[in-house]
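Trainee: turn this into a model:
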Amino acid sequence: MTLILRQWGWNPEWNERFEPWRRQGCTPGRVALEHKHLYTVYTEHGELLAEVAGKLRYEAAGRAEYPAVGDWVALSVRPEEGRATIRGILPRFSKFSRKVAGSVTEEQIVATNMNTVFIVTSLNQDFNVRRVERYLVLAWESGANPVVLLSKADLSDRIEEAVSAVESVAVGVPIHVISSLENKGLDALAPYVGEGQTVALLGSSGVGKSTLINRLAGADVQATGDIRLDDGRGKHTTTHRELIALPGGGLLIDTPGMRELQLWDADDGLGASFQDVEQFAAQCRFPDCRHDREPGCAVRTALSDGSLDRARYQSYVKLQKELAYFARKEDKALQAAEKNKWKKIHQANKKRHIRT
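Mentor: As a prediction, the model looks like this:
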C-alpha cells in the first residue's frame, strides 16, 4: 500500500477488496473529478485521465453504475500517455444520490465512499429549516454520518434561535456554528477531516462551502463568490464535484450548490430524519392509518396538543409524497426499458430467422 494511495484514503480494507482486480493486472485509483465522458483519477502513477471500458459501459444499466467522484476503481494504466481505462468499480460503502435534473426519472450519484456529510446552511436571511430537513433525509440515506454546519455566524445576531430550530429537526446530529471569515468554530471540525476520512459538503449556493474548503485546505483551492443583498442567496461558484486533499490527511468532496434537491429512493433516510413523526404514527390504532379521520390516530392527537410541530409534519408528508411519486415514475421507466429490451431481442431473432 503506497503512501500516494494512502493520501487519497486507501487502507487495508480497500487493499483486500481490490485483490481480485490486482490478479487481473489492474491498478487502483480514486475518482477525483468527473468530466464529460472522462474522469480524473489519482493513482500511484500520479494523476491520470481515464475513460470507461466498453464492457463496463455496455453492462451499465444506468448512470448509477458509472463511476462517481469518490469511487475507487480498477484501472488499466498507460502512465506514459497520462491515460487509463476504468475496468471496474469497487463496492461503495456509502453514496449520496439525488434525482437527475429535469423530467427524466433517474438516479444521479453526487459522491461516494464518504464517512461524513457536512450539511452547510448559512445564518443569513436564506436560513431555511425545511431545506435542512431535506438534506438530512438524503444524508441519512447515503450511509454516511450527517453533521450540520451553521455558517456565516458573523452575519447573525439570532444564533441561539437558529441552533434551537435545527436541533428540533436534527435530533442526535452534531451541530456546529462556524464563521470561515473569522476562523471561528473550525477547530471543532478536525475530528471529521482526519487522516483517511472523506467528507462531502452539501448546501445551497452562497452558504460558504468554498470559503470553508479554502480555510480547511490552508490555501485558495476554490473560487468564492458574493451573495445577492436582496435575498442573501449566492451565486454558483462550484460547477463540478471534486475530491480535494487536506493537509491533515482528510479529503473533501465539494458539490455544486443545489437549491432544489429532488429526492431519490430515500425511505430509510426519511424514517431516520423524522423519527419523532414515525414514533407517533406507530402508536396509531390502525397500522395503515392515514392520519386523516381514522379513530385512535396518535399523530392527529400529537398535532392537536402541540407534541408534534405542524410545519414539521407537513414537511414529512410532502417529502413522503415526493418519494412515492418518483417511485411510481421509476417503475414505469423500468417497465418501458424492459419492454424495449425484449422488443429489440425479438427483432434480432426475427432477422436471424429470415436470413436462415
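
Trainee: what ranges do the helices span in the stretch 251-356 of the chain?
Mentor: 267-273, 275-282, 298-305, 310-355 (DSSP state H, counting those that start in this stretch).

Trainee: I figured residue 280 hits residue 305, correct?
Mentor: No: contact criterion C-beta atoms under 8 Å: residue 280 and residue 305 do not qualify, at 11.0 Å. Every C-beta, even on glycine, is put in place using the N, C-alpha and C of the backbone.

Trainee: between the two, tell me which one has more neighbours.
Mentor: Neighbour count, other C-beta atoms under 10 Å: between residue 280 and residue 305, residue 280 has more, with 21 against 8.

Trainee: which ones are touching the more buried one?
Mentor: 298, 299, 302, 307, 308 (C-beta atoms under 8 Å, 6 or more residues apart in numbering).

Trainee: what do you get for residue 17?
Mentor: 90, 91 are the contacts of residue 17 under C-beta under 8 Å, 6+ apart.

Trainee: ok, now residue 135?
Mentor: 117, 119, 146, 202, 203, 261.

Trainee: low-confidence stretches in the stretch 151-300 of the chain?
Mentor: 222-241, 256-269 (pLDDT under 70).

Trainee: what segments of it are strands?
Mentor: Using DSSP state E, counting those that start in this stretch, the strands of the stretch 151-300 of the chain run over residues 175-177, 198-202, 242-245, 251-254.

Trainee: identify whichever of these lies nearest to residue 215.
Mentor: strand 251-254 (11.2 Å; C-beta to C-beta).

Trainee: listing partners with orientation, what would you give for that closest one?
Mentor: strand 198-202 (parallel), strand 242-245 (antiparallel) (DSSP bridges).

Trainee: from the chain's centroid, how far away is the first one?
Mentor: Right, the one you point to is strand 198-202. 8 Å (C-alpha atoms, centre = their mean, to the nearest Å).

Trainee: and for that strand, what's in contact with it?
Mentor: 9, 70, 96, 110-111, 113-120, 135, 138-139, 142, 144, 192-193, 209, 212-213, 243, 250-255, 258.

Trainee: which ones among the residues you listed lie within helices?
Mentor: 135, 138, 139, 142, 209, 212, 213 (DSSP state H).

Trainee: which among those residues gets closest to residue 166?
Mentor: Set against residue 166, the nearest of the ones in helices among the contacts of strand 198-202 by C-beta to C-beta is residue 135 (11.0 Å).

Trainee: pLDDT at that closest one, what is it?
Mentor: According to the per-residue confidence, residue 135 scores 87 in pLDDT.

Trainee: gap between it and residue 156?
Mentor: 19 Å (C-beta to C-beta, to the nearest Å).

Trainee: with residue 315 instead?
Mentor: Taking C-beta to C-beta, one finds residue 315 at 23 Å from residue 156.

Trainee: residue 120 too?
Mentor: From residue 120 across to residue 156, the span is 14 Å (C-beta to C-beta).

Trainee: the two: which is more packed in?
Mentor: Taking neighbours as other C-beta under 10 Å, residue 120 and residue 156 compare with residue 120 leading, 24 against 19.

Trainee: list the contacts of the more buried one.
Mentor: By C-beta under 8 Å, 6+ apart, the neighbours of residue 120 are 149, 151, 201, 202, 203, 207, 208, 209, 212.

Trainee: show me what the fourth one is bridged to.
Mentor: With DSSP bridges applied, residue 202 shows beta-bridge pairing to residue 119.

Trainee: how much space is there between it and residue 114?
Mentor: From residue 202 over to residue 114 (counting by C-beta to C-beta), the distance is 10 Å.

Trainee: and for the two, which residues touch both?
Mentor: Contact criterion C-beta under 8 Å, 6+ apart; residues bridging residue 202 and residue 114 by contacting each: residue 96.

Trainee: show me which of those two is the more surrounded one.
Mentor: residue 114 (30 against 27).

Trainee: give me the pLDDT value at the more buried one.
Mentor: Residue 114 carries a pLDDT score of 95 in this model.

Trainee: just checking, it touches residue 146?
Mentor: No: the criterion here is C-beta under 8 Å, and residue 114 misses it with residue 146 at 10.7 Å.

Trainee: need the overlap of contacts for these two.
Mentor: With C-beta under 8 Å, 6+ apart, residue 114 and residue 146 have no common neighbours.

Trainee: distance of residue 92 relative to residue 143?
Mentor: From residue 92 to residue 143 the distance is 8 Å (C-beta to C-beta).

Trainee: meant to ask about residue 40
Mentor: 24 Å.
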